[in-house]
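Asks: model the structure of this input:
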Amino acid sequence: MFFSTADKHEAIRARAREFAEAEIRPSAPAFDRDSIFPDGLVKKLGGLGWMGMPYPEEYGGAGLDALSYAIAVEELSRIDGGVGAIFSTHVSLASWPIFAYGTEAQKRKYLVPLASGRELGAFGLAEHDAGHDAASIAATAIAGDGCYILNGEKRFVANAGQAGIYIVFAATALGVGADGISAFIVEKGWEGFTFSEHYDKLGARSSPTATLIFNDVRIPKGNLLGHEGGGFEIARGALDGGRIAAAAQALGIAQGAFDSALTHSKACVQSGSPICFRPAVSFRLADMATKLRCARLMAYSAAELRDGGRPHSMEAAMAKQYASDMCLEVVNEALQIHGGTGYVRGADIDRAYRDAKICTIYEGSDEVQRHIIASHLIGIAPTGDLADGGRPSALTGLRKRIVLKNGTVEERAHALVKNLAAEGHDFTIGIDIDTPISQAERVVSVGKGIGTRSNMPLISALAIQAGAAIGSTRPVSETMKYLPLNRYIGMTGQKFNGSLYIACGISGAGQHLKGAKGASTIVAIDIDPAAPIFKNCDYGIIGDIRDVLPALTAALDNGMPKRPAPPVQRPAAPVQRPTAATPTWRRYICSGCGYEYNPAAGDPDGFVRPATSFDAVPEEWICPECGEEKATFIEA
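Replies: Sure thing, here's the model as predicted:
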């Protein structure tokens, strides 16, 4: 490498910049403000032949190299990070698996329309408990008569809903980890394949992102990519390329912010001279330009390695990790140079500031990239049995996961009440449904599945018969405004640690489950059998809550008024007195959410073994409750 791009690459840059300035810049503020998918722009990119830029012309591509593609991602992202994300997801993650592992028939059927821009692609790997860890995937694809039956969900999927072709990873064999994961080509419109609402994101708002939901989706066996059990290899290869594109995206966002800051600093005159000549500004510009050059060389070098067919997993991770960190730093400095004008909503630098953060999270967070880099340097750490026997089976810990499936809705409701009564829940007593969450032993909580406000009396009636207070998810309180915010239960809301939690129409997003995981018994009622709440409950009934709630309310009603419940008695925490055999620990508490690290238990989910002092916890460890960094913990 001669540390300089060839003329052909600079020609691509010039064309991409011209396109971005003419086609993206005028509309980018509206795309961002209203979360508009730029359908027209995507079609124009297809017309240029760029939606298949690195793929052979025989499959509808442009036959260009990976470096040309990285430069195109960079230049599009320089104006709008969301457009760069749409483009890179399609090319790197959705199209590459078919190009690299697809049969000739699959390439003709799927790669040709993708590369020619007639279809948009997406990539479904991440799940609630499986980020980019393919070995932990819970979605299943069970082989049947000439097809696979796909069930599960995929979260944070870019291009969701707009794409017509999806690469989806699911377990075809259980109990063997990564060796049981397979990849499939799935088409939009197949029966049982639906989408959540698009996420209302902080940045990259022109890029539509949602959850893919699969309920008994029949996938033809001819849509298996590669071979059964080969999905982990496919995902790893796609993510290597995706991380180069993500590095280019971060580079482009940072370059756009730098260009804006440089122009502003030359035009802004104070005390008779442009502010760019002040050392406080000129030194900032110098540091920003240096970091940009470093990131560009790393990203381009990784692209060259990929073009040459050489190993590049570590280099792609390095480029992605450094470029994303650099992006945050440069955009922050650029906003500082703009001063107050940069802080106003709608300014280009405001959009870049919000677009930048996602670069440190998707395609594997910075922590994941450092793990990949370290594993190339020192190998994988040996694993041993954790004191608690391994990770819990669900976010809420070990649960019975008894989903009542037999009989009518009324029969299942009576069976549920019988089970709860056998566990000691006394439904002859009751409390005011507006009792504060912190003082309630039982809560009936409502999610978006309740539908219209006219259905809310179903929740009130159930809460009265269950002797419970009413709670809610964040959208019900904050967005739908069916209940006040003091009813909201979740990671950033209130925590419920009582005896019975009945979740009605709640799919089970992670932040909500973290607020309810302290409940002794969790009951789930939802129409979606693949909803995460059913993996985190003790008892469940699958069905329309408009049918289930009246049946359950009737099953709980004994025809008598409820007796007042006795006051809640919260037992005092036992006093631990140190002995010669009991270590004494300094106490550290998260400044973000109040979580206290327990050295005796460690954090098995975060790979911190029991009996690990806080000082010995790795610096990259984060709070398991709210994600704050270790450095934010304070000593009590």
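Asks: following the record's annotation, map out the domains of the protein.
Replies: What the record gives for the chain is the domain set 121-234, 402-564, 583-636, from automatic domain parsing.
Asks: among those, which comes closest to Ala28?
Replies: domain 121-234 (7.5 Å; Cβ to Cβ). To be clear about C-beta, it is placed using only N, CA and C from the backbone, and glycine gets the same treatment.
Asks: so how far does that closest one reach from one end to the other?
Replies: Domain 121-234 stretches 16 Å from its first residue to its last (Cα to Cα, to the nearest Å).
Asks: for the residue of the chain positioned farthest from its centre, grab phi and psi.
Replies: No residue in the chain sits farther from the centre than Gly272, which is 49.3 Å out by Cα atoms, centre = their mean. Phi and psi for Gly272, reported as degrees, to the nearest 10, are phi 90, psi 0.
Asks: mind listing what it touches?
Replies: When contacts are counted by Cβ atoms under 8 Å, 6 or more residues apart in numbering, Gly272 is found next to no other residue.
Asks: what ranges of the stretch 51-200 of the chain fall below the confidence cut-off?
Replies: Low-confidence regions of the stretch 51-200 of the chain, defined here as pLDDT under 70, cover residues 129-135.
Asks: same thing with the chain?
Replies: By pLDDT under 70, the weakly predicted segments of the chain are 1-3, 129-135, 380-394, 568-585, 592-593, 604-606, 626-627, 636.
Asks: ok, and what's touching stretch 300-315?
Replies: Outside of stretch 300-315, the residues within contact range by Cβ under 8 Å, 6+ apart are 1, 5, 65-67, 69-70, 236, 240-241, 243-244, 247-248, 298, 316, 318-319, 372-373, 376-377.
Asks: now which of those would you call buried?
Replies: Buried positions within the contacts of stretch 300-315, assessed by neighbour count (16 or more other Cβ atoms under 10 Å), are 5, 65-67, 69-70, 240-241, 243-244, 247-248, 298, 316, 318-319, 372-373.
Asks: sort out for me which of those residues are in helices.
Replies: Among those, the subset assigned to helices under DSSP state H consists of 66-67, 69-70, 240-241, 243-244, 247-248, 298, 316, 318-319, 372-373.
Asks: excluding its backbone neighbours, what's nearest the residue nearest the centre of the chain?
Replies: Relative to the mean C-alpha position of the chain, the nearest C-alpha, by Cα atoms, centre = their mean, is the one of Phe156, at 4.4 Å. Of all residues beyond its chain neighbours, the one nearest Phe156 is Ala126 (5.2 Å), with distances taken as Cβ to Cβ, 6 or more residues apart in numbering.
Asks: only alpha carbons, please: show stretch 69-80 as CSV.
Replies: Output for stretch 69-80, consisting of C-alpha atoms alone and laid out as CSV, is shown next (Å, rounded to 0.1, in the frame of the first residue of the first chain):
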residue,chain,number,x,y,z
TYR,A,69,-17.5,0.9,-2.1
ALA,A,70,-16.0,2.1,1.2
ILE,A,71,-15.4,5.5,-0.3
ALA,A,72,-19.0,5.6,-1.6
VAL,A,73,-20.3,4.8,1.9
GLU,A,74,-18.0,7.6,3.3
GLU,A,75,-19.3,10.2,0.9
LEU,A,76,-23.0,9.4,1.4
SER,A,77,-22.6,9.4,5.2
ARG,A,78,-20.7,12.7,5.0
ILE,A,79,-24.1,14.3,4.3
ASP,A,80,-26.5,11.9,6.1
